[in-house]
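Enquirer: Prediction below, plus the sequence it came from.
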Amino acid sequence: MNATPSVSAIEAIVQRRSVRRFLDTLITAGVIDDILNLAARAPSGTNIQPWHVHVVTGNARNRLSAAVLEAAREGRRCDEYAYMPEKLHDVHLSRRRKVGFDLYSLYGIERSDHVSRKEAMLRNFKFFGAPVGLFFTMDRYLLAGSWLDSGMFMQNVMIAAQCYGIASCPQQAWCEYGGVVHDILNIPDSHILLSGMALGYEDTSADENRLRTERAPAREFAIYHNE
């Protein structure tokens, strides 16, 4: 290991959240390797370990950011896959609206200010200032089980990073411009882009990082079968 974990796994699970403003403090390649090696202990069906990770820093990060921002501003959207249904049911829609309203309130953006809302969304493609971007892919021919496996791997990345005091923000938004990401990072067509992720140290002075999203308690979603 190149560093010593600063918190326990339980603390990391509780503390982990999507950070939306980072410091530009660099993370060494050795620490990134440590995080990915820990995350790779995630389970996968018959141990096929379907995930691939593209680690983007420095000039490569800047080139990718500029290319996707240009595509987004020109309306050249090219979704890698459908992430959400066209219409959410009420319980899911209300949760989505709640986090959106809370976040834009912290940004100081009115609901009717569509220009500022769009600019806030585009900050995704600047990695919210994080010095490291991770892009998760898997072989396109694989099926739903490998999506589950890759999701567990991504969760491990975020929890392992949190143990080292490093914050994260999973960013599926990059998949809205999947073709651009493929081109800039030379990701083969045989691989599907699952998600991006910003990785860095949290800017604790940023208002938007005060967001604490709510979670339904277990008794709302767990069904216990005893007989």
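Expert: Ah, there it is.
Enquirer: residue ranges with poor pLDDT in the protein?
Expert: Across the chain, the ranges flagged by pLDDT under 70 are 1-4, 6.
Enquirer: ok, and Thr137, which helix or strand is that part of?
Expert: strand 132-139 (DSSP states H and E).
Enquirer: whoops, I mixed them up, Ala161
Expert: If you go by DSSP H and E, Ala161 is part of helix 144-163.
Enquirer: Next, the angle strand 132-139 makes with that helix.
Expert: Helix 144-163 runs at 160 degrees relative to strand 132-139, counting by axes from the mean of the first three to the mean of the last three C-alpha atoms, to 10 degrees.
Enquirer: Just the CA coordinates for helix 144-163, please, in CSV.
Expert: Listed next in CSV are the C-alpha coordinates belonging to helix 144-163 (Å, rounded to 0.1, in the frame of the first residue of the first chain):
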residue,chain,number,x,y,z
ALA,A,144,-27.0,-8.1,-17.4
GLY,A,145,-25.0,-10.1,-14.8
SER,A,146,-21.8,-8.3,-15.7
TRP,A,147,-23.6,-4.9,-15.3
LEU,A,148,-24.3,-6.0,-11.7
ASP,A,149,-20.7,-7.1,-11.2
SER,A,150,-19.3,-3.9,-12.6
GLY,A,151,-21.7,-1.9,-10.3
MET,A,152,-20.3,-3.7,-7.3
PHE,A,153,-16.8,-2.9,-8.5
MET,A,154,-17.6,0.8,-8.9
GLN,A,155,-19.1,0.9,-5.4
ASN,A,156,-15.9,-0.7,-4.1
VAL,A,157,-13.9,2.0,-5.8
MET,A,158,-15.8,4.8,-4.0
ILE,A,159,-15.7,3.1,-0.6
ALA,A,160,-12.0,2.3,-0.9
ALA,A,161,-11.3,5.9,-2.0
GLN,A,162,-13.3,7.2,1.0
CYS,A,163,-11.2,5.1,3.3
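Enquirer: This completes my enquiry, with thanks.
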